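1. no sequence for this one, just the structure:
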């Protein structure tokens, strides 16, 4: 730890320094391929941007805003001093995926930065990506595990952020871990949900390789609950962790959703972004999208699908959202990048019907205009259709990006594993315990679709409880929800 008194020097001068923008690939270049758009910082610009951090006295808002409690001031101080590997290790102490979070996190820590209102927050996320890439090249992010093992073996279901976090925590304590993944390739949502232009598949592959080198075994193409049950896992392993995420896409249940040319977001993204050898055989072709694409929804997935459509050659790409920009749940920075790349956004509109030709191919959709009414349960004002405002929008392809839920199949096939709200696993998020003894869960399959860093934070807690359980300590089970009242 560096003498903190050095960090207090010229705080006012540092506050007035202008933000140093990280570099992105030119617009005319990046919209024609699926490579990462981020060029990031050089050593000099990274140090200069990190020097803007005021090293605020405790409690620091950036740390409080990070679900995983990243020690951002320490990492930025080390970055400003040119100790990039040391900075990366600080980020990695609270997150096993610093190179991922630096690329895809909406930077909650930056929202807390005291510089944000007047001078512009420090670009914490992109600095995290920069120092992590440096540390990766120098081999400093390898996982160190003890040679002496405990003899305990845990099954981790799902190889996304939550599964990776629990796995790394457990193997560092000398336990063995086997990861089960339903997709052909390990990585979960990091491979099959986030497009390449935001997160290179190679970044994820390097992390998976670290886990393999540390002794983790991966079993892919295996859906737990179908190919193997949770109880069968419990008969073989000392504990089971469920980190299956929220990968079932919601639909709007309106006429025409089965027409050719209407896609769900995950299916659309993986066909375009994932190498064919990493896909099931029935998904190994790129969609024929025509020239006019409409993406329904307002979150990050909608933005990802729209930007993917530009790269697939669409001439007109429109995001159709039923509320206004003020209610949009996605990342504002990513949304602006999307607009810069040529995507149009239509607010206060929603489709009510998809229309096809005699061959069952989509040709247009009927759209109704909306107005905002009273707030709903989410706190956002409810969109209300305006009677008689329908109009026809010509489209060749529609992509539905209207939300995700966990797969309810797992709960239905596992006795004593309580679920609620369309498949969310009932678990105490402070300890990760489910209603089934020996079974733990954390991440999107517990709290619904959220951020990578949120899944990591809750998975750390679950790993701590699994550790206690393996030592023979009592871990209190979650309380099942009350039975739902039958409608009369």
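-> Done, it's in. These numbers come from a predicted model, not from an experiment. Residues are numbered from 1 along each chain as shown.
2. Please count neighbours and contacts with C-alpha atoms only from this point.
-> OK.
3. Nearest spatial neighbour of residue 177, chain-adjacent residues omitted?
-> Ranked by CA to CA, 6 or more residues apart in numbering and with sequence neighbours excluded, the top spatial neighbour of residue 177 is residue 154, at 4.9 Å.
4. Could you look up the SS state of that neighbour?
-> Taken by DSSP: H, G, I helix; E, B strand; the rest coil, the conformation at residue 154 corresponds to strand.
5. Isn't it up against residue 236?
-> No: between residue 154 and residue 236 there is no contact, the gap being 9.0 Å when judged by CA atoms under 8 Å.
6. of these two, who's got more company?
-> Using other CA atoms under 10 Å, the more surrounded residue of residue 154 and residue 236 is residue 154, with 25 against 12.
7. Okay, the more buried one and residue 284: tell me how far apart.
-> 33 Å (CA to CA, to the nearest Å).
8. Residue 218 is in what secondary structure piece?
-> strand 217-219 (DSSP states H and E).
9. Tell me which strands that strand pairs with, and in which orientation.
-> Counting by DSSP bridges, the strands paired with strand 217-219 are strand 176-180 (parallel).
10. next SSE after the strand holding residue 218?
-> Reading on from strand 217-219 to the C-terminus, the next helix or strand found by DSSP H and E is helix 230-236.
11. buried stuff in that next one?
-> For helix 230-236, the neighbour count (16 or more other CA atoms under 10 Å) marks 230-231, 233-234 as buried.
12. Let me know the next secondary structure element after that helix.
-> As the chain continues past helix 230-236, the following element, by DSSP H and E, is strand 239-242.
13. what about the residue nearest to residue 153 when sequence neighbours are not counted, how many residues close to it?
-> Excluding the flanking residues, the one nearest residue 153 by CA to CA, 6+ apart is residue 176, at 4.6 Å. In terms of burial, residue 176 registers 21 neighbours under the definition other CA under 10 Å.
14. ok, residue 176 touching residue 212?
-> No: with contact defined as CA under 8 Å, residue 176 and residue 212 do not form a contacting pair (11.4 Å).
15. just checking, residue 27 touches residue 341?
-> Yes: with contacts counted by CA under 8 Å, residue 27 reaches residue 341, the gap being 6.7 Å.
16. between these two, which one's more packed in?
-> Between residue 27 and residue 341, counting by other CA under 10 Å, residue 341 is the more crowded of the two (17 against 13).
17. Can you check the pLDDT for the more buried one?
-> According to the per-residue confidence, residue 341 scores 97 in pLDDT.
18. cool, residue 327 as well?
-> Residue 327 is assigned a pLDDT of 91 by the prediction.
19. Name the nearest residue to it, sequence neighbours excluded.
-> For residue 327, the nearest residue in space outside its immediate sequence neighbours is residue 380; the separation is 6.4 Å by CA to CA, 6+ apart.
20. how close does the one you found get to residue 154?
-> With distances defined as CA to CA, the gap from residue 380 to residue 154 amounts to 41 Å.
21. before we move on, what about residue 440?
-> Relative to residue 154, and taking CA to CA, residue 440 is found at 11 Å.
22. Overlap in contacts, those two.
-> Overlap between the neighbourhoods of residue 440 and residue 154 consists of 239-241, taking contacts as CA atoms under 8 Å, 6 or more residues apart in numbering.
23. and these as TSV, adding distance to residue 220 and neighbour count?
-> What follows is the shared contacts of residue 440 and residue 154, written out as TSV (distance: CA to CA, whole Å; neighbours: other CA atoms under 10 Å):
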residue	distance to residue 220	neighbour count
239	19	22
240	16	25
241	16	28
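24. and of the residues you listed, the nearest to residue 320?
-> Taking CA to CA as the measure, residue 320 sits nearest to residue 241 out of these, at 37.8 Å.
25. Dig out what the closest one forms beta bridges with.
-> According to DSSP bridges, the residues that bridge with residue 241 are residue 156, residue 440.
26. Might one say that it is in contact with residue 443?
-> No: counting by CA under 8 Å, residue 241 does not reach residue 443; the two are 10.8 Å apart.
27. circling back: who's in contact with the residue nearest to residue 153?
-> Residue 176 sits next to 149, 151-154, 170, 215-216 when contact means CA under 8 Å, 6+ apart.
28. Buried among those residues? Make that a ChimeraX selection.
-> One line in ChimeraX is enough to select the buried members of the contacts of residue 176, burial here meaning 16+ other CA under 10 Å:
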select :152,153,154,170,216
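29. Going by distance to residue 394, which of the contacts of residue 176 wins?
-> Proximity of the contacts of residue 176 to residue 394 was ranked by CA to CA; the top entry is residue 216 with 50.4 Å.
30. Surely that closest one is in contact with residue 175?
-> No: counting by CA under 8 Å, no contact exists between residue 216 and residue 175, whose distance comes to 9.8 Å.
31. joint contacts of the two?
-> Common contact partners of residue 216 and residue 175 (CA under 8 Å, 6+ apart): none.
32. And the residue nearest to residue 177, how close does it get to residue 452?
-> Distance, residue 154 to residue 452, using CA to CA: 22 Å.
33. Do a quick rundown of the helices in the stretch 101-250 of the chain.
-> Along the stretch 101-250 of the chain, counting by DSSP state H, counting those that start in this stretch, helices occupy 108-112, 124-137, 161-172, 189-192, 201-213, 230-236.
34. Can you give the domain ranges for this protein?
-> Taking automatic domain parsing as the domain assignment, the record places the domains of the chain at 4-137, 153-247+405-470, 251-402.
35. out of the ones you listed, deepest packed?
-> domain 153-247+405-470 (a mean of 21; mean count of other CA atoms under 10 Å).
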